[in-house]
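[1] Structure for the following, please:
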Amino acid sequence: MFNERKVAQIATWFLRKQTGRMRHLKLMKLMYLADRQALEEHGRPLTGDQVVAMPHGPVLSKTLEYINGCAPSSDDGWEAWISDRENHEVALRERKPGGDQLDELSPAEVEILEIVWKRFGHMNQWQLRDHTHDHCPEWEDPEGSSKPIPYQRIFEVLGRTHEEATDLAESIEEERTIDRLFASL
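    Numbering: from 1, shown residues only. Prediction:
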């Protein structure tokens, strides 16, 4: 379910909207809000990443590892698309001609990215952080640490019934389990 190349292309899409360079906190918040929008509209995240609460709000855990340079990147993964973090910013890498197609993103996924950009793209990183603190009740202050935010909780704050939230979250976890099994082969 988590696809490093797809996550890099989502980051690339947002970076292209803002001159190819962005504060890493802003990028993280936009990517989280896109996942949240996809959960609300389609019952599935875009990234498949693990969501955690951190002091600056909800975070996509594995994506943050890539942003911070702490996760090894595959050949056409994060590092092929996005530069190393420097001065709290990330930027687009130059790609080979024709090698910049965002082919991991479906039209429906791009539509979600458009919605999130129109709603939040004008905000800076601190405004986005404050927004996620004030308008994403799934986030609870981890008091200097981090703690997982279960998908079930996100679905419930988005208005799904307890039963619907449970079913949707279990479906996502089943897909993750299958992915882990195939990854270990």
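[2] Please count neighbours and contacts with C-alpha atoms only from this point.
    Fine.
[3] what residue is smack in the middle of the protein?
    residue 31 (3.7 Å; C-alpha atoms, centre = their mean).
[4] Hmm, residue 9 and that residue touching each other?
    No. Using C-alpha atoms under 8 Å, residue 31 makes no contact with residue 9, being 10.9 Å away.
[5] Could you pull out the helices in the protein for me?
    4-17, 24-42, 61-67, 78-81, 107-120, 125-135, 151-157, 162-183 (DSSP state H).
[6] Of the ones you listed, which is nearest residue 95?
    Within the helices of the chain, the stretch nearest residue 95 is helix 78-81; the backing value is 7.4 Å (C-alpha to C-alpha).
[7] Packing partners of that closest one?
    Counting contacts by 3 or more C-alpha pairs under 8 Å, 6 or more residues apart in numbering; DSSP states H and E, helix 78-81 packs against helix 4-17.
[8] Run through who's touching the helix it packs on.
    20-22, 27, 30-31, 47, 63, 73-74, 76-78, 81-82, 91-92, 102, 104-105, 113, 117 (C-alpha atoms under 8 Å, 6 or more residues apart in numbering).
[9] Filter those residues down to the buried ones.
    Buried positions within the contacts of helix 4-17, assessed by neighbour count (16 or more other C-alpha atoms under 10 Å), are 20-22, 27, 30-31, 47, 63, 77-78, 81-82, 91-92, 105, 113, 117.
[10] Next one: residue 77 from residue 165, what distance?
    Per C-alpha to C-alpha, to the nearest Å, residue 77 is found 31 Å from residue 165.
[11] burial of residue 111, as a residue count?
    14 (other C-alpha atoms under 10 Å).
[12] what sits against residue 52?
    Taking C-alpha under 8 Å, 6+ apart as the test, what residue 52 contacts is 58-61, 146-149.
[13] Look at residue 175 and report its pLDDT.
    pLDDT recorded at residue 175 is 88.
[14] Identify the residues contacting residue 95.
    80-81.
[15] roughly how far apart are it and residue 10?
    In terms of C-alpha to C-alpha, residue 95 sits 16 Å off from residue 10.
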